[in-house]
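1. Predicted model and sequence below, questions to follow.
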Amino acid sequence: MAVGVLYVDDEVNNLNSFKAAFRHDFDVFTAISAKEGRKILDATEIGVIITDHRMPVMTGIEFLESIIQAYPDTIRILLTGFADINAVMDAINRGHVYKYLVKPWQNDELKMYIINAIEIYKLRRENKDLAAKLRLAHAEIETLKKLM
């Protein structure tokens, strides 16, 4: 199962750098805005979302918060050029962020976090699948009990 990695940033140079650094390791998608990022999420299986915090129209935290209900299993990483304790708290509390990283990123470090995030995403999906199978098996057992 190919799991996509989406990077949302309003700076084209950052998007290009990200894609160049990670396109051989991951199925990379980039978006210049939260609105464009949402379109990609709606069309593609994305396991990891990395977003800049300070963007026009909608901040990275607002974007992450807005997609929690529709994409609860997706792992969220906030990548920003500004270390702001309020942004960190908002990221954790509102955006359910897995990691908060400061730009400029180090490719090896970010790659490690993405690999870990994809593994967590896959485990979450597998856990949901197993839980659904267990519920189905339990329902079948209950049906068989009633027939006896």
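-> Thanks, I have it. Numbering: from 1, shown residues only.
2. quick one: secondary structure of residue 73?
-> coil (DSSP: H, G, I helix; E, B strand; the rest coil).
3. What residue, apart from its backbone neighbours, is nearest it spatially?
-> Of all residues beyond its chain neighbours, the one nearest residue 73 is residue 124 (4.4 Å), with distances taken as CB to CB, 6 or more residues apart in numbering. In short, each C-beta sits where N, CA and C put it, glycine included.
4. can you count the residues close to that neighbour?
-> Taking other CB atoms under 10 Å as the criterion, the count of residues near residue 124 is 15.
5. tell me the mean pLDDT over the one helix or strand residue 65 maps to?
-> Under the assignment given by DSSP states H and E, the secondary-structure element containing residue 65 is helix 60-67. In this model, helix 60-67 has a mean pLDDT of 90.
6. Can you identify the element that follows that helix toward the C-terminus?
-> Past helix 60-67, further along toward the C-terminus, the next helix or strand under DSSP H and E is strand 75-80.
7. partners of that following strand in the sheet?
-> Paired neighbours of strand 75-80 in the sheet (DSSP bridges): strand 46-51 (parallel), strand 99-102 (parallel).
8. Ranked by average pLDDT, which of those falls at the bottom?
-> strand 99-102 has the lowest average pLDDT among those, namely a mean of 83.
9. Would you mark the buried spots in it?
-> 99-101 (16 or more other CB atoms under 10 Å).
10. ok now that strand, how far from the chain's centre?
-> The chain centroid and the centroid of strand 99-102 are separated by 13 Å under CA atoms, centre = their mean, to the nearest Å.
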